[in-house]
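Participant: Okay, predicted coordinates and the sequence, questions at the end:
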Amino acid sequence: MTIQEWFDKRKEAQIERRAKEIKGVDSDTPDLWMRCVHCDTQLLKSEVEENMMVCPHCDYHYRINARTRIHQLFDEGSFEEMFKNVLPTDPLNFVDTESYAERLKKAHAKTGLDEAVITGVGQIKGHKIAAAVMDFEYMGGSMGSVVGEKVTRIMEKALELKIPMLAVTSSGGARMQESALSLMQMAKTSCAAGKLDEAGILYINLLTEPTFGGITASFGTLGDIIIAEQGARIGFAGRRVIEQTIRQKLPEDFQTAEYLLKYGQVDIVSKRKNLRKTLANILEMHGV
């Protein structure tokens with residue numbers, strides 16, 4: 001077996017595993033049914049969907065895309081998308097196993113999105129708020145130049161309108177195909193968050209499964225209040241990388257929302273069904 005064949009085989013296995021994790025699909029069950037990847041219970045797909053993509057048996061929270069998240073959190077019809085015209089390019093003409101331009105086309109075809117974040121202004125139980133909602137399905141929610149630009153612009157819009165800011169993160173980190181241009185977004189978004197702080201504008205982080213890398217190291221953890229969705233994995237480097245570096249076995253719950261709450265790195269861990277109410281309560285307490 002050649003090195004290329006080994007990589008191709010490994011990639012196919014990863015795609016199959018991710019499909020099962022995200023959709024809970026079992027090839028042995030009909031389309032109406034799914035098997036929970038956490039507790040192995042056979043479930044009606046409609047039952048899981050009605051439960052906000054949470055397993056009704058074990059409470060496992062499946063990943064959801066950005067538009068579903070917006071639908072769950074914001075008042076119906078209140079969210080107005082902004083900066084949709086900011087589109088990605090291929091500044092480095094980057095090519096690995098395929099070109100970056102081709103990867104962008106595939107990500108768009110898969111998700112219907114132009115980038116890994118949706119930004120806009122909406123209302124949560126009548127409270128007006130600016131928001132950046134990331135989508136892991138678009139290239140792993142990676143932060144390239146456009147993600148950084150859109151997040152910065154919506155923070156500036158919150159500053160202009162003097163309304164709170166919400167960042168809902170789901171990302172593997174910086175986008176390797178844009179190299180240093182991607183890493184620069186960490187500084188840019190952090191500076192924008194700093195301006196919100198200086199102006200006394202409430203900034204809330206909502207960390208969802210998964211939030212890693214450059215997002216955690218920048219705007220994803222700079223909020224005045226940091227909320228984590230139940231069961232979300234949150235960190236900088238991945239578990240295996242850390243274990244190989246320190247040559248020690250890490251706790252089973254390491255990098256989970258509950259682990260971070262125990263050590264004071266997040267303020268609240270919330271079930272998905274309670275997130276909208278939790279955000280509304282925070283906004284009401286701050287009089288906004």
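Facilitator: Received, thanks. Just so it is clear, the model here is predicted, and its values are computed rather than measured. Numbering: from 1, shown residues only.

Participant: hey, C-alpha coordinates of the strand or helix carrying residue 245 in PDB?
Facilitator: Assigned by DSSP states H and E, residue 245 belongs to helix 239-246. C-alpha atoms of helix 239-246 as PDB (Å, rounded to 0.1, in the frame of the first residue of the first chain):
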ATOM      1  CA  ARG A 239      -6.700  15.600  23.600                       C
ATOM      2  CA  ARG A 240      -4.400  13.200  21.800                       C
ATOM      3  CA  VAL A 241      -1.800  16.000  21.100                       C
ATOM      4  CA  ILE A 242      -1.700  17.000  24.800                       C
ATOM      5  CA  GLU A 243      -1.400  13.300  26.000                       C
ATOM      6  CA  GLN A 244       1.400  12.700  23.500                       C
ATOM      7  CA  THR A 245       3.200  15.900  24.600                       C
ATOM      8  CA  ILE A 246       2.900  15.500  28.400                       C
END
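
Participant: So what touches it?
Facilitator: Helix 239-246 has contacts (C-beta atoms under 8 Å, 6 or more residues apart in numbering) with 237, 249-250, 254-255. (Glycine included, C-beta is placed from N, CA and C.)

Participant: Going along the chain, name the helices of the protein.
Facilitator: 3-23, 45-50, 66-73, 100-111, 145-161, 179-198, 213-216, 239-246, 257-262, 272-285 (DSSP state H).

Participant: any idea which of these is most buried?
Facilitator: helix 213-216 (a mean of 24; mean count of other C-beta atoms under 10 Å).

Participant: follow-up on the earlier one: can you add mean pLDDT and distance to residue 38 and give the helices of the chain back as a markdown table?
Facilitator: Output for those, formatted as a markdown table (pLDDT from 0 to 100; distance: least, C-beta to C-beta, whole Å):
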| stretch | mean pLDDT | distance to residue 38 |
| --- | --- | --- |
| helix 3-23 | 64 | 10 |
| helix 45-50 | 94 | 12 |
| helix 66-73 | 98 | 19 |
| helix 100-111 | 96 | 24 |
| helix 145-161 | 98 | 29 |
| helix 179-198 | 97 | 32 |
| helix 213-216 | 96 | 24 |
| helix 239-246 | 93 | 17 |
| helix 257-262 | 97 | 15 |
| helix 272-285 | 98 | 14 |
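
Participant: Just tell me which of the ones you listed ends up closest to residue 92.
Facilitator: helix 179-198 (6.1 Å; C-beta to C-beta).

Participant: residues contacting the closest residue to residue 156 other than its chain neighbours?
Facilitator: Distance criterion C-beta to C-beta, 6 or more residues apart in numbering; nearest residue to residue 156, sequence neighbours excluded, is residue 192 at 6.4 Å. Listed by C-beta under 8 Å, 6+ apart, the contact set of residue 192 reads 151-152, 155-156, 219.
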